[in-house]
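Engineer: got a predicted structure here, sequence first:
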Amino acid sequence: MADETTPTAPGSPAAPRTTECGVTIPPALMAAPGYQVRRLYQAYLAVWVRAVDPTLTGPQFAVLTAVDATPGRDQRSMASAVALDTSTMADVARRLESRGLIVRRTDTADGRRKLLYLTEEGERTLRGAHDRARQLDARLLTPYDDGQRADVMDLLTSLADHWEGLAGGS
């Protein structure tokens with residue numbers, strides 16, 4: 001722990017930070033990885049709505065992308081592929097189906113399994129959102145050069161894998 005006379009770099013977890021409202025953020029929060037992830041996610045959601053699509057959520061976009069990549073896979077395996085729990089996946093799939101973006105077909109071999117397919121409208125929606133999402137990805141990483149971007153993505157992936165392992169009890 002740094003003593004109070006040690007200067008800290010701006011943006012470092014120990015540097016005093018205030019919100020837009022002038023409230024000082026406790027240093028213990030600034031040093032907490034979960035708090036920083038929450039900040040990132042909140043900012044990401046706000047930018048997504050403006051830059052990509054105001055009605056298509058990130059999880060819905062992920063499901064459309066996964067269904068496009070592997071049409072006819074079951075809902076449970078799609079949930080795993082897009083990092084959603086099965087109940088959230090069922091809700092997302094129902095919403096996408098009600099918007100006419102996917103169809104869920106019952107597997108003839110196992111009536112409990114729902115197989116997912118994009119509709120033509122789903123394909124159009126995904127194509128339109130895809131380019132905007134990739135542009136957003138580039139904007140999100142603009143503080144970094146190409147090599148650093150790869151490093152940031154490697155670190156984020158490694159951290160996500162580790163946290164998922166912790167969540168799964170490994």
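Structural biologist: Received, thanks.
Engineer: what is the mean pLDDT for stretch 121-141?
Structural biologist: Mean pLDDT, computed over stretch 121-141, is 96.
Engineer: can you list the buried residues in it?
Structural biologist: Judged by neighbour count (16 or more other CB atoms under 10 Å), stretch 121-141 contains these buried residues: 122, 125-126, 129, 133, 136, 140. Yep, even glycine has a C-beta here, placed from its N, CA and C like the rest.
Engineer: ditto for stretch 71-79
Structural biologist: The neighbour-count check on stretch 71-79 (16+ other CB under 10 Å) flags 73, 75, 78-79 as buried.
Engineer: show me the helices in the chain, by range?
Structural biologist: In the chain, the helices defined using DSSP state H lie at 27-30, 33-51, 58-69, 75-81, 86-98, 120-140, 146-167.
Engineer: residue 104 is nearest to which of the ones you listed?
Structural biologist: Of all the helices of the chain, it is helix 86-98 that lies closest to residue 104, at 5.6 Å by CB to CB.
Engineer: one step back: go through the helices of the chain and name the closest to residue 108.
Structural biologist: Closest approach to residue 108 among the helices of the chain is made by helix 75-81 (15.3 Å; CB to CB).
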